[in-house]
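Visitor: sequence first, predicted model second:
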Number of protein chains: 2
Amino acid sequence: MRISQASVSVHVGVIGGGTVGGGVYQAISRNAALIASRTGVLLKIKRVAVKAIDEPRAVDIPLSLLTTDWRDVVNDPDVKVVVELVGGTGIAKEMILTALRQGKSVVTANKALLATHGEELFKVARENNTALFYEASVAGGIPIIRSIREGFVCNRFLNISGIINGTCNYILTQMEAQGHGFEEVLKEAQAKGYAEANPSLDVDGHDAHHKISILASLAFNAWVSPEQVYREGIRSVIGLDIQACKEWGYKLKLLGVVKYISQESGIDKIHVRVAPTLIANTHILARVDGVFNGVSVFGDVVGETFLYGRGAGQDATASAVVGDITDAALDISKGIPDRLIPMCLNRQVSVLPIEEMENRFYIRTVTGLGDEENAKQLVCGEGIQINSAKVIPTGPHSFVALLTEPTSWKKINKVLSMLKACTTCAAEPVAFIIEDFVGACSE
Amino acid sequence: MRISQASVSVHVGVIGGGTVGGGVYQAISRNAALIASRTGVLLKIKRVAVKAIDEPRAVDIPLSLLTTDWRDVVNDPDVKVVVELVGGTGIAKEMILTALRQGKSVVTANKALLATHGEELFKVARENNTALFYEASVAGGIPIIRSIREGFVCNRFLNISGIINGTCNYILTQMEAQGHGFEEVLKEAQAKGYAEANPSLDVDGHDAHHKISILASLAFNAWVSPEQVYREGIRSVIGLDIQACKEWGYKLKLLGVVKYISQESGIDKIHVRVAPTLIANTHILARVDGVFNGVSVFGDVVGETFLYGRGAGQDATASAVVGDITDAALDISKGIPDRLIPMCLNRQVSVLPIEEMENRFYIRTVTGLGDEENAKQLVCGEGIQINSAKVIPTGPHSFVALLTEPTSWKKINKVLSMLKACTTCAAEPVAFIIEDFVGACSE
């Protein structure tokens, strides 16, 4: 393609030659001229650090670019933008800090590292008048970081709710479609490459937990560490839960939520969690199925918005990474690498303990046949009002599901312990929040 | 609110004190300190030009800011960002050109002006090393311009399809929900303020036509003028059309489409249109109801994405305008007002005449009772294959609807003329495209 305007070349170094690294190399190889014609900046990949030169790669990278020492990338004086695609919270941190301290701009997709050490990393970026971009760390190809930080910059955020783990969403979608159990669908997802051999990072909610912590920090301009955020995965979900929710007009999704509660003395009180959650079918988030991600953002000026796309995978993630690289390169070419504050953390928030929250709940237990009324009475006895109930016989047991009026986590936890203690209880009782989105839903 | 970092003040002048102008004034008044704490730039509204000082306004603006002469805003040496919210293709053009020629950055929501004179305006912005922002010109509060231009910058766009006129979408949604006819629902929409007294701009598709032309130009980096783009509004839609589509599993929406067809000698061949279109219920665009807008973007790297939100109204539009003002102010504060190319127009496209396109179609006619088979035979006689048919008696007439296999507009137009010429034809026959999105739909 003809590059019809004078372009400035900016050299890029990539650490990591795996799936996303290969995708980034491929996207830049294919579309660098297009990007240059659109922005005036020609991206040139100068070095790529990999684990082993001769390991098999899905995307061919020229031998002349490869090195096995990440310092060759970071210390190359030509390299102005360092892309960290190694993952994890170990060596990746050293790589990023080393690059930032040399005044280089850094692009990362590393949600675990940002959630764990982001406060320090963003501080070092500011101290060195450079930038740290992280669009790909949350919701893959969806421009959610850019939208919250730039497009919606004039908004106070009232609610950000997202389906931000594609593996869990795939599993829940398949459980609904096939009527199969969690373990069976997980195995299938592993066979298809949608779940890892060790699936804990996804199915126990850690990955979504990292991502919602990043979104909470960005939206409220104050550091929210994962330790402050409630986390619950999807292992406890059984097929009948999904079925019962469906009959009641809900989808059961692993949902990350950041919610503004109130302000006192200039400090925002917020609620942040990741947990299986009931979403009314009328809400557009209920439409996010399979490996897709979706994030609903409710701002005080813009009202309700929603962004949707592939949350992972080589190409979707590469699209976000290359968008960031282009931003970084453009700012460098103009002499202002620190144009944007990567994550502004100059305010204070108080993350309310989940025990203080009130919600409507879905409660489910599995009792012995004939014990269904006892279970209901036990819930009512704690002052929790039941709006609707379902009892489904399953061989020697009864599946008992209830929808409640708003009540507190404290009461719910007490009730769950009592249900569990019943002699005929045949499965760990669960309670899932029914999310009533701020500002009502999309209709 | 405490502004906890040194902020640079940037003075803003607004031309237009109507709905959006009031929204912009209100959003900046309310959240300027928040924006400053996030970006380091404090927005200060210096002047607001209005039609009459003492006209009633939904949002109070201090008398000291008001003027009735737009030149007071543009020529004020303190004003670095000029916001044009007057609308129309007349004086607004002079306002923007005058500001750009003084090297001031301009923010506009004026889709009609951009679609008509954008090529000239963007050229003048470049010549004067300044910027022209227009996020609010398409899909209100949805960050679609920013996403296409920045977030998805590394993508070739294969398909951009959007429900981008809230008035039409409200009317079609209400026709479906209430079973009422177009005229009746239009009156109700006018009473609620969702449609203008003269509704032509919306219901005849002009507004969506402007917007899709802007998106086509931006996505393909070549000027696409509305004259090159097929336009059809929703006046011909009757209640039974919507009902029949629903029974077949489709939603009937006014859809703007930009589609990549092929490339020859470096020139992209594209298809661009605005027309009533059938969207399968399984596609997420089918979920956009009421006054909401939604845009699906399919890129060669990112795959399918989708953005959703309020497409009009004081606050959603103000959110987009203030996002742009902040960007402009940030670039000005860093001494690089021309950081981004507002719309890069250095490539060439060929917009294919709609007659050259092949699509599946929905055809509908209203015949005399007993003439239904004749209508079908007439369609088949032209070599168009019918996949499914519906006949609904309506008093003395029959509503006849057909779904076809892919065929050409030429054949369809011939068939429509023939159906219209039938002696018992009781309503203008119509044909609507069934959109088969590139890359299939979301699941």
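Guide: All right, it came through fine. Given the structure is predicted, the values throughout are model-derived calculations rather than measurements.

Visitor: excluding its backbone neighbours, what's nearest residue A:339?
Guide: residue A:331 (4.6 Å; Cβ to Cβ, 6 or more residues apart in numbering or on different chains). For every residue, glycine as well, the C-beta is placed using N, CA and C.

Visitor: pLDDT score for that neighbour?
Guide: We have a pLDDT of 97 for residue A:331.

Visitor: tell me how many other residues crowd it.
Guide: Neighbourhood size, residue A:331 [other Cβ atoms under 10 Å in any protein chain shown]: 24.

Visitor: doesn't it fall inside a strand?
Guide: No. Counting by DSSP: H, G, I helix; E, B strand; the rest coil, one finds residue A:331 to be helix, located in no strand.

Visitor: so which residue of the stretch 151-300 of chain A comes closest to chain B?
Guide: Nearest residue of the stretch 151-300 of chain A to chain B: residue A:151, at 3.3 Å (Cβ to the nearest Cβ).

Visitor: that residue and residue B:149 touch, don't they?
Guide: No. The pair residue A:151 and residue B:149 fails to qualify as a contact (Cβ atoms under 8 Å) at a distance of 11.3 Å.

Visitor: okay, the two: which has more neighbours?
Guide: residue A:151 (31 against 19).

Visitor: what's the more buried one in contact with, if anything?
Guide: Residues in contact with residue A:151 (Cβ atoms under 8 Å, 6 or more residues apart in numbering or on different chains) are B:135, B:143, B:146, B:320, B:323.

Visitor: just the buried ones among those, please.
Guide: Listed as buried from the contacts of residue A:151 are B:135, B:143, B:146, B:320, B:323; burial here means 16 or more other Cβ atoms under 10 Å in any protein chain shown.

Visitor: and the two most separated of those residues?
Guide: B:146 and B:320 (8.9 Å; Cβ to Cβ).

Visitor: need the overlap of contacts for these two.
Guide: With Cβ under 8 Å, 6+ apart, residue B:146 and residue B:320 have common neighbours A:151, B:135.

Visitor: need the contacts of residue A:151 in a markdown table (columns: pLDDT).
Guide: Formatted as a markdown table, the contacts of residue A:151 follow (pLDDT from 0 to 100):
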| residue | pLDDT |
| --- | --- |
| B:135 | 98 |
| B:143 | 98 |
| B:146 | 97 |
| B:320 | 98 |
| B:323 | 98 |
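
Visitor: sort out for me which of those residues are in helices.
Guide: B:146, B:320, B:323 (DSSP state H).

Visitor: tell me the one of the buried ones among the contacts of residue A:151 nearest residue A:414?
Guide: Out of the buried ones among the contacts of residue A:151, the member with the shortest distance to residue A:414 (by Cβ to Cβ) is residue B:143, at 44.4 Å.

Visitor: distance of the residue lying closest to that closest one once chain neighbours are set aside relative to residue B:151?
Guide: Here the nearest residue to residue B:143 in space, its sequence neighbours aside, is residue A:151; by Cβ to Cβ, 6+ apart that works out to 3.3 Å. Distance, residue A:151 to residue B:151, using Cβ to Cβ, to the nearest Å: 9 Å.

Visitor: now swap in residue A:69 and tell me
Guide: In terms of Cβ to Cβ, residue A:69 sits 32 Å off from residue B:151.

Visitor: can you give me the strands for the stretch 1-150 of chain A?
Guide: Secondary structure of the stretch 1-150 of chain A by DSSP state E, counting those that start in this stretch: the strands cover A:8-15, A:41-49, A:66-67, A:79-84, A:105-108, A:132-133.

Visitor: and the residue nearest to residue B:143, what are its phi and psi?
Guide: phi -60, psi -40 (degrees, to the nearest 10).

Visitor: now swap in residue A:306 and tell me
Guide: The phi/psi pair for residue A:306 (degrees, to the nearest 10) is phi -160, psi 130.

Visitor: surely it meets residue A:293?
Guide: No. Here residue A:306 lies out of contact with residue A:293, judged by Cβ under 8 Å, at a distance of 11.2 Å.

Visitor: pLDDT weak spots in chain A?
Guide: A:1-6, A:438-443 (pLDDT under 70).

Visitor: quick check: domain ranges of it?
Guide: A:8-140+A:314-333, A:144-310, A:354-434 (automatic domain parsing).

Visitor: turn these into CSV, columns for distance to residue B:86.
Guide: Formatted as CSV, the domains of chain A follow (distance: least, Cβ to Cβ, whole Å):
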stretch, distance to residue B:86
domain A:8-140+A:314-333, 30
domain A:144-310, 21
domain A:354-434, 46
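
Visitor: of the buried ones among the contacts of residue A:151, which is the nearest to chain A?
Guide: residue B:143 (3.3 Å).

Visitor: list the contacts of that closest one.
Guide: A:143, A:146-147, A:150-152, A:305, B:135, B:307, B:320, B:323.

Visitor: where do the helices sit along the stretch 201-350 of chain A?
Guide: Ranges of helices in the stretch 201-350 of chain A, per DSSP state H, counting those that start in this stretch, are A:206-220, A:239-247, A:314-333.

Visitor: out of those, which is closest to residue A:394?
Guide: helix A:239-247 (7.3 Å).

Visitor: go through the closest one and flag the buried ones.
Guide: In helix A:239-247, counting by 16+ other Cβ under 10 Å, buried: A:239-245.

Visitor: now, the most widely separated pair of these?
Guide: A:239 and A:245 (10.9 Å).

Visitor: residue numbers of the stretch 301-443 of chain A in contact with chain B?
Guide: Counting by Cβ under 8 Å from any Cβ of the partner chain, the stretch 301-443 of chain A comes close to chain B at A:301-310, A:313, A:315-316, A:318-320, A:322-323, A:326-327, A:330-331, A:334-336, A:339-341, A:344, A:346-347, A:442-443.

Visitor: looking at the contacts of residue B:143, spot the one nearest residue B:427.
Guide: residue B:307 (36.4 Å).

Visitor: if we can go back for a sec, list buried residues within the residues of the stretch 301-443 of chain A next to chain B.
Guide: Using 16+ other Cβ under 10 Å, the buried ones in those are A:301-310, A:313, A:315-316, A:318-320, A:322-323, A:326-327, A:330-331, A:334, A:336, A:339-341, A:344, A:347, A:442.

Visitor: list the contacts for residue A:392?
Guide: Contacts of residue A:392 (Cβ under 8 Å, 6+ apart): A:240, A:244, A:398-399, A:401.

Visitor: oh sorry, the question was meant for residue A:216
Guide: With Cβ under 8 Å, 6+ apart, residue A:216 has these contacts: A:160, A:224, A:229, A:258, A:270, A:272, A:349, A:351.

Visitor: in this structure the third one contacts residue A:209, no?
Guide: What that stands for is residue A:229. Yes. Residue A:229 sits in contact with residue A:209 when judged by Cβ under 8 Å, with a separation of 6.1 Å.

Visitor: who touches both of the two?
Guide: Contacts common to residue A:229 and residue A:209, judged by Cβ under 8 Å, 6+ apart, are residue A:274.

Visitor: which one of those two has more residues nearby?
Guide: residue A:209 (27 against 24).

Visitor: gap between that one and residue A:349?
Guide: 17 Å.
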